[in-house]
Each structure stands twice: as structure tokens, then as C-alpha cells.
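> no sequence on this one, just coordinates:
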């Protein structure tokens, strides 16, 4: 099944530092055949506690993954990698970060640093020397003094991406000091005070991506509307029954994920979100879509499987740019003839519903590649008719 994956849109340009032709090496001997062409190397989960000497022959290295190993410190020889831009030290729970940062602070080109799940309780002051740091992951460090950390991180003027998931964060006091943040992940912090949290992050004028999944959120504050530049909002795995009307104020939002919540309706104000491209509301309690959904002119993916939807509004036919429509496992008894207006639809999943017939207008879906219809109530004649209406579509009954 075709899906849109969660991507950090802001970092597309950052990932382009490494062209797709630049291979991720995992074998030193293979890399030694052309050491000057090794830009990316992974020693992930290799059970080591020291960087092999031969690795230092890769003088052009830009990305190094040392995650999930047994490092307690780093040798000063690592500074041989003068071009290093991405360093992953996550899952090295024996690391002495006071010593490690004496070395890390010398990396003048470091842009991305991953320190997830390392038992860090405080960030050394010399982290402020990493002037080019764009992305920092300090999630999984449940004893970290965040108030102190936010004070130190405010000196990193280029910091744009901050990951704080799985940290037992409760009150993000002073988070607002990081005013340049564009991507913020505070997921899997079930004791987070969301009123205080939003009072902090509503000051983030440049925030583009916000990840709040798995936080036991029951009510999303209406002041989410203050995040005017938000492009991605992830609310998966919470307890939300209703989205606030203010969400319609997020006029730059492109990706909205509200999977596995408790919603029984989508607010009509969604019609104001003209730039929305993907909405995933699967695994909720929706009975229908508001007719206003037809005004979301840029929508390309509508995912609403595992709900209680019984019908589609005829305005669904106004979604001219829709490519994927996923309505698996609902209670839909018939489709409106306007479904035939979806000229760009390529993937239509409506298996396990209550359908007995499809409208003949389905034949207008000239670009439809895949149609899932199993688990419905079509008789043999209707199946044959559907095949004739869509001779070039892969159909599963």
C-alpha cells in the first residue's frame, strides 16, 4: 500500500549534503579500497568501545554512526575527521559526557548530533562551542536537567531541530529561549503539562514541524492556532476526542496526523487549511467527513481506515488532486457518483465495507492503478461489471 512517510521537510536541503550516490559503508576493508571516497560510515551495534585505527584513514568522512555500543569516552584522534557533520552517539550509556564534550566542542563543522538514551543528567557548558549545530537529539535522557539545558542551548543560534522524546519532561520551563527552533519533537512524554508547554512553544514564530505523539493528550489547546508557520503536526497515539476550531488557523499546514485517537468528527474549519496535502485520521471513531473537506484543494492523501464512516459527502469529488484515498474497514454502503471526478486518483482502498455496487462513474478514474474491494458484498455480475469499467486497474475482490 502506498503511503506518505513522515519526513522532516525542513531538512530536505540538509540531507542533500550527501548525494544519493554516496554510499553508507559498514565494512572497513571495503572502504579502504577507495578511502578518499568514504563520506558515510556506520559502526552501529558492533559491540565496540573504541574506534578502530583503520577508520582514521577516511579523512573525508562527514557522517559517523557509533550508536548502541559500549563507548565510555572518545579518543582525541576522532578530531582527525575535520569534515565531520553528522555524529550519532545514541545508546552508549557508559559515556562520560564531561570528557566527551571536551573533544566534541572542537568539531567546527558539526551540524547534527544524536545523544539519545545516554543517561545524561546535564549538558556541559562547552556545548555552546558547536556554533554550526543545526540538529540535536537529547531524547531518552530521563534525568536531564532541562531548564539548565535550555539555558545552555540558547547560545546555539543555528539550532533548528530539537528532539526531546521519551524524557519524562513535565514542565518545559525556558524552552521559549530557543526561539529559532523549526522542528520540535516532544513525543512520548506522558506527564507533560500541555498548558505550560503551549505557553512556551507558541512563541516559536518559525516552528514548522511539531511532534506530540503518544502523550496522553485529551484536549489540544486552541492556542495551537498561534503557530502560524506550522507545516507538519503529529498527534498520533493520544486521547483526543475533538480538534479545536482554531486548527483551521494553521493555513500553512501541509501534513496532519491524528492516528489512534478518539475523534468522532473533524471540525468544519478544516476548509481553511488550503495547503493541506496529507491527512491521516485512521483508527478513530469518525462517522463521516464534513462537506467542507471538498475545499481542501491541495489534498493528495486522505487516510481514514479503521473508523465508523457510513457515507461520503458528494463534495469528495472536488478533491481534484487526490492521489490516495484509504477507507479500509469502515461501514460505507454506497459511493456518490462524484467519486468519478477524482481524475488523479491512483490508489483507492475501500475493502471491508458494506458496498454492493459501485457507480458507473468509477470508469472515469483513468489513472487508477490499484483498487481494493475485498470484504464487501459484490455479486459475480457486479464484479465483472467493475472489471469492465476499469480494465487497466489492478482490482482485488
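Yep, that arrived. Since this is a predicted model, take the numbers as computed values, not measurements.
> Please identify the buried residues of stretch 367-378?
With burial defined by 16 or more other Cβ atoms under 10 Å, the residues of stretch 367-378 counted as buried are 368, 371, 372, 373, 376, 378. Yep, even glycine has a C-beta here, placed from its N, CA and C like the rest.
> ok, of the residues you listed, which one's closest to residue 110?
Each of the buried residues of stretch 367-378 was checked against residue 110 using Cβ to Cβ; the closest is residue 372, at 46.6 Å.
> what sits against the closest one?
328, 348, 349, 350, 351, 396 (Cβ atoms under 8 Å, 6 or more residues apart in numbering).
> Can you select the buried ones among those residues for me in PyMOL?
PyMOL command restricting the contacts of residue 372 to the buried ones, with burial defined by 16+ other Cβ under 10 Å:
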select buried, resi 328+348+349+350+351
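> can you list contacts of stretch 361-371?
Here stretch 361-371 makes contact (Cβ under 8 Å, 6+ apart) with 2, 335, 337-350, 386, 389-390, 393-396.
> among the residues you listed, which ones are buried?
For those, buried by 16+ other Cβ under 10 Å: 335, 338-342, 345-350, 386, 389-390, 393, 395.
> What about these, which are in strands?
347, 348, 349, 395 (DSSP state E).
> I figured the third one was touching residue 330, is that so?
No. At 10.4 Å, residue 349 and residue 330 do not qualify as touching, with contact defined as Cβ atoms under 8 Å.
> Quickly list what's touching both of those two.
residue 305.
> tally of neighbours for the closest residue to residue 81 other than its chain neighbours?
Take residue 81 and drop its neighbours on the chain: the residue closest to it by Cβ to Cβ, 6 or more residues apart in numbering is residue 61, 4.7 Å away. Residue 61 has 24 neighbours, counted by other Cβ atoms under 10 Å.
> shaky segments in the protein?
Applying pLDDT under 70 to the chain flags residues 1-21.
> same thing but at 50, please
1-20 (pLDDT under 50).
> can you list contacts of the helix ranked longest in it?
Longest helix in the chain, counting residues (DSSP state H): helix 380-389. Helix 380-389 is contacted from outside by 356, 357, 358, 360, 362, 363, 373, 378, 395, 397, using Cβ under 8 Å, 6+ apart.
> could you pull out the strands for the stretch 1-150 of the chain?
Counting by DSSP state E, counting those that start in this stretch, the stretch 1-150 of the chain has strands at residues 24-25, 40-42, 63-65, 86-88, 112-114, 135-137.
> so what strands line up beside the fourth one?
When you say that, I think you mean strand 86-88. strand 63-65 (parallel), strand 112-114 (parallel) (DSSP bridges).
> The shortest one too?
Based on DSSP bridges, the strands next to strand 24-25 in the sheet, each with its direction, are strand 40-42 (parallel).
> re earlier: let's have the buried residues of stretch 367-378 in a markdown table, adding secondary structure and distance to residue 163.
Shown next, in a markdown table, are those (DSSP: H, G, I helix; E, B strand; the rest coil; distance: Cβ to Cβ, whole Å):
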| residue | secondary structure | distance to residue 163 |
| --- | --- | --- |
| 368 | coil | 39 |
| 371 | strand | 39 |
| 372 | strand | 36 |
| 373 | coil | 41 |
| 376 | coil | 43 |
| 378 | coil | 47 |
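> List just the nearest of those residues to residue 201.
Closest to residue 201, out of all of the buried residues of stretch 367-378 and judged by Cβ to Cβ, is residue 372, at 39.4 Å.
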